[in-house]
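Engineer: give me a 3D structure for the following:
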Amino acid sequence: MELKNYLKDKKQLFDKKIIEILNSISTGVPEILYKAMKYSLEVGGKRLRPILTYATCEALEGDTDDAITVGCAIEFIHTYSLIHDDLPAMDDDNLRRGMPTNHKVFGEAIAILAGDALLSDAFYILSEKKFFKSLNSEKIVKIISFLSKSIGSSGMVGGQVYDLIYEKKPVTEQDVKKIHINKTSKLITAAIYSGAVIAEDEVWKIEKLKIFGEKIGLSFQIIDDILDLISDSKTLGKDAKSDLKKGKATYPKVFGLEKSKEIAINLINEAKKEIEFLKDKGKVLTGIANYFIERVN
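Structural biologist: Numbers count the residues shown, from 1 in each chain. Purely as a prediction, here's the structure:
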């Protein structure tokens, strides 16, 4: 219950701050573009990535005001990726979080441009000192460098390409792991890494939290693969069994449901060991890791 309240409170915090920042940078923006950007940002979801940035920074006793700014930028990036991922040329999805996908409301051209704008504006937010309270330029550059690498050609975008390449083809464990690490885990890792960099200068602590992020990020996508098969569209907020219909490369396709669940649980247990040094200060991060597994129990 304590974690549930924490996630609810922080979601509300980010829901408000994300739109505040959008409004602050929207002078002169075409109205239809603003509406498309706002539409997908407000559909919302759990705000998991920015909350992970916040919770990591908080666990290390850093400035959470700066973590909010970075978290909002990361959510802009995540939202851009979902808009593009839903497009007819990609996954061709009709629903996202229980609502019509962006291109179904605004058309494909505006949806593409809304995604482009969200990605570009995220880096404007990260590079503008006025959005930060105390974070120094060196740390801002460090976050931008890691984040841009995590979502680019050798990160999230590369993972999405692999996802398309391996559709309806036989895949190995290494193939599906490569897709999931790049497509999903790297952005989650970047969210946690960013929170650590805001708060911390000790490299070993940042590295341990990075490994924590890599492991829970991979587990998160495996669990999503499982839920796609065992949940209905209403619960998921998107079309159920869509991965199966499209012949996507997933862990259940390679290992089956039970083995996939076992792999996900093992990853979470390994991840939690990496942050034992945080002791009680890491209870929110540990709780979020446990929550991933509770989704399929």
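
Engineer: quick check: Phe132 touching Ile140?
Structural biologist: Yes: between Phe132 and Ile140 there is a contact at 7.1 Å, judged by CB atoms under 8 Å. In short, each C-beta sits where N, CA and C put it, glycine included.

Engineer: with only the CA atoms kept, save stretch 47-65 in PDB.
Structural biologist: Presented in PDB, the C-alpha positions along stretch 47-65 are these (Å, rounded to 0.1, in the frame of the first residue of the first chain):
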ATOM      1  CA  ARG A  47       5.100   7.400 -15.600                       C
ATOM      2  CA  LEU A  48       7.400   4.600 -14.700                       C
ATOM      3  CA  ARG A  49      10.600   6.000 -16.300                       C
ATOM      4  CA  PRO A  50      10.400   9.400 -14.700                       C
ATOM      5  CA  ILE A  51       9.500   7.900 -11.300                       C
ATOM      6  CA  LEU A  52      12.600   5.700 -11.600                       C
ATOM      7  CA  THR A  53      14.700   8.800 -12.200                       C
ATOM      8  CA  TYR A  54      13.100  10.500  -9.200                       C
ATOM      9  CA  ALA A  55      13.300   7.400  -6.900                       C
ATOM     10  CA  THR A  56      16.900   6.800  -7.700                       C
ATOM     11  CA  CYS A  57      17.900  10.400  -7.000                       C
ATOM     12  CA  GLU A  58      15.900  10.300  -3.800                       C
ATOM     13  CA  ALA A  59      17.500   7.100  -2.600                       C
ATOM     14  CA  LEU A  60      20.900   8.800  -3.100                       C
ATOM     15  CA  GLU A  61      19.700  12.000  -1.400                       C
ATOM     16  CA  GLY A  62      20.100  14.200  -4.500                       C
ATOM     17  CA  ASP A  63      18.100  17.200  -5.600                       C
ATOM     18  CA  THR A  64      14.700  15.800  -6.600                       C
ATOM     19  CA  ASP A  65      13.700  19.000  -8.300                       C
END
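
Engineer: quick one: contacts of that stretch?
Structural biologist: For stretch 47-65, contacts defined as CB atoms under 8 Å, 6 or more residues apart in numbering pick out 7, 10-11, 14-15, 66-68, 70-72, 74-75, 78, 133-135, 187-188, 191-192, 194-196, 198-200, 205, 209, 213, 275, 278, 281-282, 284-285, 288.

Engineer: what is the helix or strand hosting Asp9 packed up against?
Structural biologist: Counting by DSSP states H and E, the element that carries Asp9 is helix 2-24. Under the contact criterion of 3 or more CB pairs under 8 Å, 6 or more residues apart in numbering; DSSP states H and E, helix 2-24 touches helix 31-43, helix 48-59, helix 64-85, helix 283-294.
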